[in-house]
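[1] sequence and computational prediction follow.
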Amino acid sequence: MVTLSLEVLRKCLAGIQDDPTTYDIMKAYLKYEEEDQYWSEDAIEMIAKLGEQNWLLTQL
């Protein structure tokens, strides 16, 4: 599931390709945001499997 914010960031990348410094910064930021989204999706899946209290214990 790709969020709207990731789609907006990808579109922004297309518009700043002529500015290598900004492009590299935005590309790194997009990668961070994608990793954060994947972590969140995995956490939601684990909460569904383990239950909220058990999942919280794994986060300590």
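    Great, that's in hand.
[2] so where's this protein shaky on pLDDT?
    Within the chain, the set of residues satisfying pLDDT under 70 comprises 1-2.
[3] next secondary structure after the longest helix along it?
    In the chain, assigned by DSSP state H, the helix with the most residues is helix 20-50. Towards the C-terminus, the helix or strand next in line after helix 20-50, according to DSSP states H and E, is helix 52-58.
[4] roughly how far is that following helix from the heart of the chain?
    Distance of helix 52-58 from the chain centroid (C-alpha atoms, centre = their mean, to the nearest Å) equals 22 Å.
[5] then stretch 37-48?
    So, by C-alpha atoms, centre = their mean, the centroid of stretch 37-48 is 12 Å from its chain's centroid.
[6] pull the helix or strand in which Ser5 is found out as PDB, backbone CA atoms only.
    Assigned by DSSP H and E, Ser5 belongs to helix 4-15. What follows is the C-alpha trace of helix 4-15 in PDB, where atoms were taken according to Å, rounded to 0.1, in the frame of the first residue of the first chain:
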ATOM      1  CA  LEU A   4      -0.500   9.600  -1.000                       C
ATOM      2  CA  SER A   5       2.500  11.300   0.600                       C
ATOM      3  CA  LEU A   6       4.900   8.800  -1.100                       C
ATOM      4  CA  GLU A   7       3.300   9.500  -4.400                       C
ATOM      5  CA  VAL A   8       3.600  13.200  -3.900                       C
ATOM      6  CA  LEU A   9       7.300  12.800  -3.100                       C
ATOM      7  CA  ARG A  10       7.900  10.700  -6.200                       C
ATOM      8  CA  LYS A  11       6.300  13.400  -8.300                       C
ATOM      9  CA  CYS A  12       8.400  16.000  -6.700                       C
ATOM     10  CA  LEU A  13      11.500  14.000  -7.600                       C
ATOM     11  CA  ALA A  14      10.600  14.200 -11.300                       C
ATOM     12  CA  GLY A  15      10.500  18.000 -11.100                       C
END
